[in-house]
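Engineer: following is a predicted model, sequence given first.
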Amino acid sequence: MNKLFTLVAILLSMSLYSQEPIVSKGVIKQVTVFRKGAFASAEASVNVAKGVNKIEIKGLPAIVNRESIQVGGKGAFFINSVSYLLRTPDADTLEKSSKAFAIQTKIDSLSDVLQQIYLANTVIDHDYQLLLVNKTVKSQATGLKLLDLKAIMSYMAPKYVELKVAKLKNNERITLINNVLQRFRNELAQLSIKGKEELSVLVDLSAENSGSLDLSVDFLMDYCGWNPQYDIRSNGVSEKTNIAYKAEVWQNTGIDWKNVQITLSTGNPSQKNDYTKAVKRYYSLNYVPKKNYSTPSSSTQNVFGTRRTLSSSVNSISGKITDGNEPVPFANIIAYDESGRQFGGTQSDMDGNFKLSITPDVQFLYVSYVGYQTVKYYLTSSYLSINLNATTVMLESVQCASVTKVSLVDKKTAEKPQYEMVENVTNMEFKINTPYTILADNKPNQVEINSRDFDAQYEYYSAPELSKSAFLTAKITGLEHSGYESGPLNVFLNGSYVANSSLIIPSSNDTATVSFGVDKGVIVTRERLKNGVKNSNLGLKKEELFSYKNSFRNTKNAPIRMLIQEQVPVAKSNSVAVSDLNYTNATYDENTGILSWWITIKPKETVTISYKYTIAYA
């Protein structure tokens with residue numbers, strides 16, 4: 001009896017597991033998008049019977065991280081096992097069949113029209129040949145009368161033209177119809193192609209009761225991410241500036257995200273999270289010969305190199321940014337990987353020098369500055385000498401008369417919060433209130449995050465020896481809890497678009513400097529006053545006097561604050577001596593040889609500063 005009961009149980013179990021699974025389509029409802037990758041949650045509703053059920057949740061991205069799949073849901077059930085398999089979607093679905101039938105009907109109809117036009121052309125060709133055969137009119141008996149010849153010509157000439165025009169129009173119709181037919185045939189061919197592979201999750205569960213269950217499938221996936229982008233709006237003089245924070249979300253997972261709830265996270269789940277312990281290391285000096293770098297001409301394309309050749313073991317690069325002759329301060333240097341995803345950035349200093357930490361993923365740099373053409377440099381060396389070519393983009397004079405007319409916050413954005421910000425231990429999250437649809441086409445989709453006002457201190461900077469220009473900059477504070485990351489920046493001044501720049505978020509403080517480029521409203525001149533070389537009483541040494549006068553004119557309607565820096569040579573050997581340095585109202589750094597003045601220039605005022613020094617040399 002016991003053996004019989006066991007056999008019946010085995011047969012029932014075999015019949016149960018041989019049954020067709022309950023199939024349901026998983027619909028992605030929520031996605032947390034990381035800078036690289038995403039964590040998604042798909043939902044599926046199924047009707048189950050009491051006891052053991054086999055369920056297939058299909059329609060999920062094939063590139064899912066298999067180890068991350070988690071199945072849960074609402075209801076009284078217990079999950080026995082979870083597995084997965086890849087399927088190719090059936091091309092012969094009802095939706096595709098209906099589309100194919102409609103397209104085929106159009107193709108058949110146009111083909112009939114095309115055949116009628118071909119038949120009409122055949123008739124035209126026949127009539128035309130008939131005219132050609134009878135074009136010679138002869139009269140062997142009495143000859144052709146002039147009146148008869150005129151009658152024949154008046155009939156045949158218009159008939160020639162009529163036939164030619166009719167065939168020309170028919171040929172145009174044939175070309176047009178063939179183009180349309182080709183388009184329809186391509187659409188029909190696409191419908192017959194099977195889709196990309198999709199993932200199906202197989203769930204074996206035991207339900208306590210019959211009825212409907214709401215299941216959820218959570219998983220990690222690649223081939224998606226987001227990049228920050230900013231719009232900064234300013235009038236150049238007020239104490240506030242507005243920054244609109246946006247995200248460019250992209251995905252190429254094979255499945256469209258339709259009307260999903262998006263959360264943007266600054267985290268990266270694919271990043272290695274093991275901490276690194278300090279170890280003993282040794283230091284040695286290795287001589288590295290200086291390389292010669294050619295300066296690209298203005299006619300050269302703004303892309304240098306074709307791929308990264310720098311060793312993956314190199315973790316930092318440095319270089320110098322110039323415009324051919326003079327350094328470019330505050331230039332933006334942004335690192336990107338092969339797919340165009342950003343991996344940090346920095347700015348050049350007063351001398352155009354920069355240093356940037358990199359990872360093996362970084363392939364190239366984008367170097368930009370307002371008023372110069374952006375260049376793309378592939379990493380071919382740990383030191384890059386980069387030249388920027390000037391463009392015609394310059395800032396117009398910033399006038400105060402229009403300040404009261406500038407609206408820094410868009411009314412639509414200010415009506416209600418666009419997001420909810422959650423500050424976690426290691427990252428920031430922005431829960432977007434509005435659902436979005438992100439197609440799997442690898443194209444960027446702009447998602448609005450927020451728009452905030454920040455305290456801004458506007459300053460001008462000039463290094464007349466390097467560039468006879470005044471650069472408008474804004475020091476923006478209060479960024480420590482904003483969740484902002486370094487990224488591209490669109491600059492708007494007085495309501496008008498200026499140029500592209502970059503917002504570089506510093507790691508050491510909450511102040512970021514944004515450059516608005518050269519302001520033509522401030523005129524800078526530099527003049528050497530006195531030259532001369534004379535013999536010194538100190539043996540064979542000679543002395544040369546250097547004396548300079550710099551003038552700064554403010555043509556604007558508001559006062560401006562400006563930092564001016566000049567360079568005094570620093571002696572590096574006993575054979576050279578710098579002495580008799582004379583200046584007023586400036587600070588001097590003996591290590592760098594830099595003189596710094598902070599001045600305020602009233603509207604329409606010109607301020608002059610001067611300094612001099614003597615160099616003695618052998």
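Structural biologist: Now that the structure is in, tell me what you want to look at.

Engineer: point out where the stretch 351-500 of the chain drops to low pLDDT.
Structural biologist: 370-371, 391-419, 421-427 (pLDDT under 70).

Engineer: can you measure across stretch 227-240, start residue to end residue?
Structural biologist: This stretch, stretch 227-240, spans 25 Å end to end (CA to CA, to the nearest Å).

Engineer: er, stretch 350-364 actually
Structural biologist: Start-to-end, stretch 350-364 (CA to CA) is 23 Å.

Engineer: gap between it and the chain center?
Structural biologist: With CA atoms, centre = their mean, to the nearest Å as the basis, stretch 350-364 stands 19 Å off its chain's centre.

Engineer: for stretch 462-469, list the C-alpha coordinates in PDB.
Structural biologist: What follows is stretch 462-469, C-alpha atoms only, in PDB (Å, rounded to 0.1, in the frame of the first residue of the first chain):
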ATOM      1  CA  SER A 462      44.000  89.700 -15.200                       C
ATOM      2  CA  ALA A 463      47.600  88.700 -15.800                       C
ATOM      3  CA  PRO A 464      48.700  91.500 -18.200                       C
ATOM      4  CA  GLU A 465      52.100  89.900 -19.000                       C
ATOM      5  CA  LEU A 466      50.300  86.800 -20.200                       C
ATOM      6  CA  SER A 467      47.200  88.200 -21.700                       C
ATOM      7  CA  LYS A 468      45.900  91.800 -22.000                       C
ATOM      8  CA  SER A 469      42.400  90.700 -21.100                       C
END
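
Engineer: neighbouring contacts of it?
Structural biologist: Applying CB atoms under 8 Å, 6 or more residues apart in numbering, the contact partners of stretch 462-469 are 326-327, 329, 350-351, 470-471, 518, 522, 524-526, 550, 552, 562-567. Quick note: C-beta positions are derived from backbone N, CA and C, even for glycine.

Engineer: so E566 touches Y548, yeah?
Structural biologist: Yes: judged on CB atoms under 8 Å, E566 makes contact with Y548 at a distance of 7.3 Å.

Engineer: joint contacts of the two?
Structural biologist: Both E566 and Y548 are in contact with Y611, where contact means CB under 8 Å, 6+ apart.

Engineer: the more surrounded of the two?
Structural biologist: Neighbour count, other CB atoms under 10 Å: between E566 and Y548, E566 has more, with 21 against 17.

Engineer: residue contacts, that one?
Structural biologist: Neighbouring residues of E566 by CB under 8 Å, 6+ apart: 463-465, 548, 550, 594-595, 611.

Engineer: now with 7 Å?
Structural biologist: Taking CB atoms under 7 Å, 6 or more residues apart in numbering as the criterion, E566 is in contact with 464-465, 595, 611.

Engineer: neighbour-wise, which of these leads?
Structural biologist: Top of these by neighbour count (other CB under 10 Å): P464, with 21 neighbours.

Engineer: helix or strand: which one has that one?
Structural biologist: For P464, there is no host helix or strand (DSSP states H and E).

Engineer: tell me how far it lies from I232.
Structural biologist: Distance, P464 to I232, by CB to CB, to the nearest Å: 28 Å.

Engineer: how about I609?
Structural biologist: Distance, I609 to I232, by CB to CB: 31 Å.

Engineer: ok, the two, which is more surrounded?
Structural biologist: I232 (23 against 19).

Engineer: hang on, isn't that one packed against I243?
Structural biologist: Yes: using CB atoms under 7 Å, I232 makes contact with I243 at a distance of 5.2 Å.

Engineer: contacts only, for Q347.
Structural biologist: Applying CB under 7 Å, 6+ apart, the residues near Q347 are 330-333, 354, 504.

Engineer: which residues pair with it across the strands?
Structural biologist: Taking DSSP bridges, one obtains N332 as the residues bridged to Q347.

Engineer: what does G72 give?
Structural biologist: Here G72 shows beta-bridge partners S216, assigned using DSSP bridges.

Engineer: my guess is it contacts L213, does it?
Structural biologist: No: contact between G72 and L213 fails when scored by CB under 7 Å: they sit 10.7 Å apart.

Engineer: those two - which one has more neighbours?
Structural biologist: Shown here are G72 and L213; by other CB under 10 Å, L213 has more neighbours (22 against 11).

Engineer: please report how far the residue nearest to the more buried one when sequence neighbours are not counted lies from P435.
Structural biologist: Distance criterion CB to CB, 6 or more residues apart in numbering; nearest residue to L213, sequence neighbours excluded, is G75 at 4.3 Å. With distances taken as CB to CB, G75 is found 26 Å from P435.

Engineer: what's the answer for K106, then?
Structural biologist: Computed as CB to CB, the K106 to P435 distance reads 35 Å.

Engineer: give me the helix or strand of this protein that scores worst on average pLDDT.
Structural biologist: Sorting the helices and strands of the chain by mean pLDDT, DSSP states H and E puts helix 411-414 at the bottom, at a mean of 31.

Engineer: helices of this structure, residue ranges please.
Structural biologist: Taking DSSP state H as the test, the helices found in the chain are 2-17, 94-133, 146-192, 411-414.

Engineer: which of those has the lowest mean pLDDT?
Structural biologist: With a mean of 31, helix 411-414 has the lowest mean pLDDT of those.

Engineer: can you check the pLDDT for L595?
Structural biologist: L595 is assigned a pLDDT of 93 by the prediction.

Engineer: hmm, it is touching N585, no?
Structural biologist: No: in this structure L595 lies outside contact range of N585 using CB under 7 Å: 10.3 Å.

Engineer: nearest spatial neighbour of I615, skipping sequence neighbours?
Structural biologist: Using CB to CB, 6+ apart, the closest residue to I615 is E544 (5.2 Å).

Engineer: tell me the bridge partners for the one you found.
Structural biologist: Beta-bridge partners, per DSSP bridges, of E544: V533, I615.

Engineer: would you check how far apart it and G59 are?
Structural biologist: E544 is 80 Å from G59, by CB to CB.

Engineer: who's more crowded, the two?
Structural biologist: Shown here are E544 and G59; by other CB under 10 Å, G59 has more neighbours (19 against 13).

Engineer: residue contacts, the more buried one?
Structural biologist: 25-26, 198, 255.

Engineer: one more time with 8 Å, if that's ok
Structural biologist: 25-27, 198, 200, 255.

Engineer: same thing with P488?
Structural biologist: Residues near P488 by CB under 8 Å, 6+ apart: 227-230, 334, 500-503.

Engineer: now the residues you listed as a markdown table including distance to N65 and neighbour count?
Structural biologist: Listed next are those as a markdown table, based on distance: CB to CB, whole Å; neighbours: other CB atoms under 10 Å:
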| residue | distance to N65 | neighbour count |
| --- | --- | --- |
| N227 | 22 | 19 |
| P228 | 24 | 22 |
| Q229 | 27 | 20 |
| Y230 | 31 | 21 |
| I334 | 29 | 21 |
| N500 | 35 | 16 |
| S501 | 37 | 22 |
| S502 | 32 | 24 |
| L503 | 32 | 24 |
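
Engineer: would you point out the most distant pair within those?
Structural biologist: Greatest spatial distance among the contacts of P488 (CB to CB): N227 and S501, at 15.5 Å.

Engineer: returning to what we had before: the contacts of P488 in strands, which ones?
Structural biologist: If you go by DSSP state E, the contacts of P488 have 227-230, 334, 500-503 in strands.

Engineer: and these, which is closest to G487?
Structural biologist: Comparing these against G487 with CB to CB places P228 closest, at 3.5 Å.

Engineer: distance of the nearest residue to the closest one once chain neighbours are set aside from E420?
Structural biologist: Residue nearest to P228 in three dimensions, not counting chain neighbours: G487, with 3.5 Å by CB to CB, 6+ apart. Here G487 is placed at a distance of 21 Å from E420 (CB to CB).

Engineer: these two: which has the busier surroundings?
Structural biologist: With neighbours defined as other CB under 10 Å, G487 and E420 compare such that G487 has more, 20 against 11.

Engineer: for S318, what are its contacts?
Structural biologist: By CB under 8 Å, 6+ apart, the contact set of S318 is 353-356, 382-384.

Engineer: return the closest of the residues you listed with respect to N65.
Structural biologist: L356 (30.9 Å).
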